[in-house]
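Visitor: I'll drop the sequence and a predicted model, then ask my questions.
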Amino acid sequence: MTMPSVPMGEGFTLDDILRDTLTSTYVDDAFYAKLRNDLSEWQGRGAVLTEQDRERYESLILHENWLLDRRAFEKWYQLYSRQCVYWVPAINDMPDPVRGDPQRQITIAFDDRRRMGDRIVWLRTGVAYSQLPPSYTAHTSSGFVKVPTGNAGEVKIRSQFIVHETRAGHAVQTLTGWMGHVFVMEDGELRIDRKLVCLLNADVNQHNLTFLI
Amino acid sequence: MVALTNMPSAMDALVQDDRVHRTLYTDAAIFSAEMNKVFGGTWTFLAHESEIPKPNDFIRKKLGLRPIIVTRDRNGAFHGLLNRCTHRGATVCRQSAGSARRFTCPYHNWSFDNTGALAGVPMEDAYGPNFDKSSLGLGRLRVEAYRGFIFGTLNQQLTDLQSHLGQAARRIDEWLDRWPGAKLVVRNGAHRLICNGNWKLVFDNSADGYHPGFSHASLLRMRKDRYGAGVDMQWVIGNVDDGLQTVADIGNGNTFLDQRQEIKRYWDQAAPMPGEESYAATMRARLGEKAEAALDVVVGSGMNLNIFPNLLIIGNQIQVIEPRSFDSTYLNWYGTTLEADDMPPEVNSLRMRLQEDFPSFGEPDDLANFEECQAGLGIAEMEWVLTSRHLHSGKEYRDANGYLTGPVSDELPLRAFWREWKRLMTSTVPQVAL
């Protein structure tokens, strides 16, 4: 297959992703229950981050943005835990554990670790015509707050975002809304376990969202 | 713009047996005419009954560009109402869906019941003694439903819906009856996509068995590189006309692409989906052998059933085409679940995730190609779009029911579409709201 050189230097490569996580074993009723509980917790009152939390969590979100904007998808994939999800609901006015329940609603994106890998391999085939020419993004995040959670060993960070996206020959698209990141420690590293992207206009027709938000 | 003063001869020049003119995709006057004459001139899909499950439920839709409301009255009967106040023309319903016994126009508070009848006019006396409220109800479509699919028309002379659907009704039966007794539910959200191309580019594609090996190269290559042979859609690679898929013209512009002979076991040939191994294990542990039949109805039907002009039943989803302008279209992929007492709930959890697969990794590449078609079709000096594949190859035949059938790359479905389109565009049957 075509494998354009991976930006951002050494590390995880497309070949590693090709062989990584080829089954989907952790998305089950308990997993969906956890996501519904997340939606309730995201409604909590957030507190601005301490200097220490900024260094740990805000830095990682900003690093994630940077990797996505550089199209360094293989490195982006490494930021995530083994039982992760990247989730973009298709309803407005989130969070709502009933209307937004992914077990009962299709979404704009609901990628477990395997589908995240599929998406990256797909983006890298070079024959995804919706990504020829490819999208380039500029992520801007602000308003980071820590939201209380009852889950042991997890930290929830909510933030506001604006993403501008351009593909040659197309108008710049602007996406905005809020994100929720759930962080866990895994193998001694801080990882993103769940990322929720709530678009302001998630319920209306969208033009070519084949890039990563 | 194309002069449409003499519609029949203009249409004969533009729609030929083996090619059609580019302006059918690029001309604003043609678009405006087809929004009235095609959408509403025949039975046109409006909504699924499960979108308005209870008495007094309603949902806003479009019939071509006309804003409409599809309602159930208090007795549960369906109505298709033109969303236009009979007073000054404002839409009377501004909510996308809900429950209401009456629609009250926000402008002067004229109110209509959910069958369309005018129920109240503020300070009515000023219209004089001859004011006839019974003649001022909302415009009403002729509405009929077939197995939950609600259609409407403004053509009062058209045959009944089931006769009109004909063979397409049998295919709907086959699509619905994969799990006997199951009810289809269309209340699980939708992938709502925008294509900056003409709506007919979408319909053209839905029975196009020629394109998948090429337009979907990214999906096929990703699958093969990660999972090897045998998974979803690998039958579209190579010379598909040597394979077992077929396309057929099943009447009135409806077409059918049948992949079923290529599918040995639905579950084994499914696209990957989140929860695949976890839920399959749960179901097999609880249900034993019975799990296998349930896993099969997670997966698409192997059928592309295209109901002219706007309903595409593909896999286990329904797609509805909503034209916006000659070069912009909304394409809504509605998620579906199955309800039955004996349906394991895991089936629907899996269906949610499977139904995200093609809109993520397949459809966007098609939409990109349709947009590039629209760009190319803007070139005035290059006039024609070919529809001739297999027209003279001798490979077409009549199936057991007499329907013209061909190898899967046959452009027979395009020719069937354009014949029906031209018939409606040149029809002199009046269209009237009830």
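Guide: That came in fine, so what should we check first? Residues are numbered from 1 along each chain as shown, chains lettered A, B, ... in the order given.

Visitor: quick one, strands of the stretch 201-350 of chain B?
Guide: B:246-249, B:255-258, B:303-307, B:311-314, B:317-325, B:328-334, B:337-339 (DSSP state E, counting those that start in this stretch).

Visitor: typo on my end, it should be chain A
Guide: Secondary structure of chain A (DSSP state E): strands at A:47-48, A:80-88, A:109-112, A:136-147, A:155-166, A:173-186, A:189-199.

Visitor: List the buried residues of the fourth one.
Guide: With burial defined by 16 or more other CB atoms under 10 Å in any protein chain shown, the residues of strand A:136-147 counted as buried are A:137, A:139, A:141, A:144-147. To be clear about C-beta, it is placed using only N, CA and C from the backbone, and glycine gets the same treatment.

Visitor: would you list those in JSON lines and tack on distance to chain B and pLDDT?
Guide: Output for those, formatted as JSON lines (distance: CB to the nearest CB, whole Å; pLDDT from 0 to 100):
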{"residue": "A:137", "distance to chain B": "16", "pLDDT": "98"}
{"residue": "A:139", "distance to chain B": "20", "pLDDT": "98"}
{"residue": "A:141", "distance to chain B": "24", "pLDDT": "98"}
{"residue": "A:144", "distance to chain B": "28", "pLDDT": "98"}
{"residue": "A:145", "distance to chain B": "28", "pLDDT": "98"}
{"residue": "A:146", "distance to chain B": "28", "pLDDT": "98"}
{"residue": "A:147", "distance to chain B": "25", "pLDDT": "98"}
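
Visitor: Residue B:166 against residue B:253, yeah?
Guide: No: counting by CB atoms under 8 Å, residue B:166 stays clear of residue B:253, with 11.3 Å between them.

Visitor: Counting neighbours, what do you get for the closest residue in space to residue B:361 that isn't next to it in sequence?
Guide: Closest residue to residue B:361 apart from its sequence neighbours, by CB to CB, 6 or more residues apart in numbering or on different chains: residue B:219 at 4.6 Å. Per other CB atoms under 10 Å in any protein chain shown, the neighbour tally for residue B:219 reads 27.

Visitor: now do residue B:209
Guide: 24.

Visitor: ok, now which ones touch the closest residue to it other than its chain neighbours?
Guide: Among residues not flanking residue B:209 along the chain, residue B:408 sits closest, at 3.1 Å (CB to CB, 6+ apart). Residue B:408 is in contact with B:209-210, B:240-241, B:243, B:245-247, B:257, counting by CB atoms under 8 Å, 6 or more residues apart in numbering or on different chains.

Visitor: hmm, 7 Å instead?
Guide: With contacts defined as CB atoms under 7 Å, 6 or more residues apart in numbering or on different chains, the neighbours of residue B:408 are B:209, B:240-241, B:243, B:245-247, B:257.

Visitor: Quickly check these for the two that are furthest apart.
Guide: With CB to CB as the measure, no two of the contacts of residue B:408 lie farther apart than B:241 and B:257, at 13.1 Å.

Visitor: Looking at those two, which is more packed in?
Guide: Counting neighbours by other CB under 10 Å for residue B:241 and for residue B:257 shows that residue B:257 has the greater number, 21 against 18.

Visitor: Please list all residues in contact with the more buried one.
Guide: B:207, B:209, B:245, B:247, B:304, B:408.

Visitor: likewise residue A:62?
Guide: residue A:141 are the contacts of residue A:62 under CB under 7 Å, 6+ apart.

Visitor: Apply 10 Å and report the result again.
Guide: Contacts for residue A:62 (CB atoms under 10 Å, 6 or more residues apart in numbering or on different chains) come out as A:54, A:139-141, A:144, A:159.

Visitor: For residue A:54, see how far away it is.
Guide: As judged by CB to CB, to the nearest Å, residue A:62 and residue A:54 stand 10 Å apart.
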